[in-house]
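Student: sequence first, predicted coordinates after that:
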Amino acid sequence: MDGWKAAGRRTHTGDLVELKTLPGYHVRPRKFSIGQADTIRELAAKQGTALTPALSLRVAKAQEDAAAKFGADATVQDTLNFLTPEDGEEFLTSLLSSGATEERLKKIMLWGVAEHDLTDEDGAVVEWGDALMDALMEFPDTAMEIAKIVQEFNAPLRRRSAPGSKR
């Protein structure tokens, strides 16, 4: 392997992170390629129309309440606990019924995980591929947690405000 590729690979992958929704299991995030990041941004742009404005406000308030109570590790389930059962059902349905959302989550997970230790019933590590992505969609908290880990690892560093800006 070329020297620069080995050096790049070290900064391209993050630390192993234990999943809070599946204690004892871990993922190691990796950076998206430029093309992958573009595709994910395009899918994100297609998304966002699944929630009504009123429900969006209630979900945003529930997310704030969950974050206040559970911190940055708040899960989808924590958010659901702050919604009425009807709003919670509509929110989950919108999360999982939007093709752009599902496709985006799958791509974030598929492209953004360098290593994992998810195993099948026999203890063999499951191949990180389309079949596992489909299976993870059945567990929204875990899928969202993995996506959050990957997205946080791929987030650009915050830029310092320009002198005199009102940030």
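Tutor: All right, it came through fine.

Student: right, and the helix or strand after the helix ranked longest in the chain?
Tutor: The helix spanning the most residues in the chain, taking DSSP state H as the definition, is helix 53-70. Using DSSP states H and E, the helix or strand that follows helix 53-70 in sequence is helix 76-80.

Student: what about the residue nearest the centre of the chain, distance to Ala155?
Tutor: Residue closest to the average C-alpha location in the chain (C-alpha atoms, centre = their mean): Ala147, at 1.7 Å. Separation of Ala147 from Ala155 (C-beta to C-beta, to the nearest Å): 12 Å. Every C-beta, even on glycine, is put in place using the N, C-alpha and C of the backbone.

Student: over to Ile34?
Tutor: As defined by C-beta to C-beta, Ile34 lies at a distance of 15 Å from Ala155.

Student: one more: Ala37?
Tutor: 11 Å.

Student: tell me which of those two has more neighbours.
Tutor: Ranked by neighbour count (other C-beta atoms under 10 Å), Ala37 and Ala155 place Ala37 first, with 14 against 8.

Student: just checking, next helix/strand downstream of the worst-scoring helix or strand of the chain on mean pLDDT?
Tutor: When the helices and strands of the chain are scored by mean pLDDT, DSSP states H and E, helix 85-97 comes last with a mean of 74. Remark: after helix 85-97, the chain's next helix or strand is helix 99-112, criterion DSSP H and E.

Student: show me the chain divided up by domain.
Tutor: 15-44+100-154, 49-97 (automatic domain parsing).

Student: export those to TSV and tack on distance to Lys5?
Tutor: Formatted as TSV, the domains of the chain follow (distance: least, C-beta to C-beta, whole Å):
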stretch	distance to Lys5
domain 15-44+100-154	13
domain 49-97	33
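
Student: least reliable of the ones you listed by average pLDDT, please.
Tutor: Note on the domains of the chain: domain 49-97 shows the lowest mean pLDDT, a mean of 79.

Student: roughly how far is that one from the heart of the chain?
Tutor: Remark: domain 49-97 is offset 15 Å from the chain centroid, using C-alpha atoms, centre = their mean, to the nearest Å.

Student: same question, stretch 142-160
Tutor: The answer for stretch 142-160 is 7 Å, by C-alpha atoms, centre = their mean.

Student: next, the buried residues of it.
Tutor: For stretch 142-160, a neighbour-count test (16 or more other C-beta atoms under 10 Å) marks Thr142, Ala143, Met144, Glu145, Ile146, Ala147, Lys148, Ile149, Val150, Phe153, Asn154 as buried.
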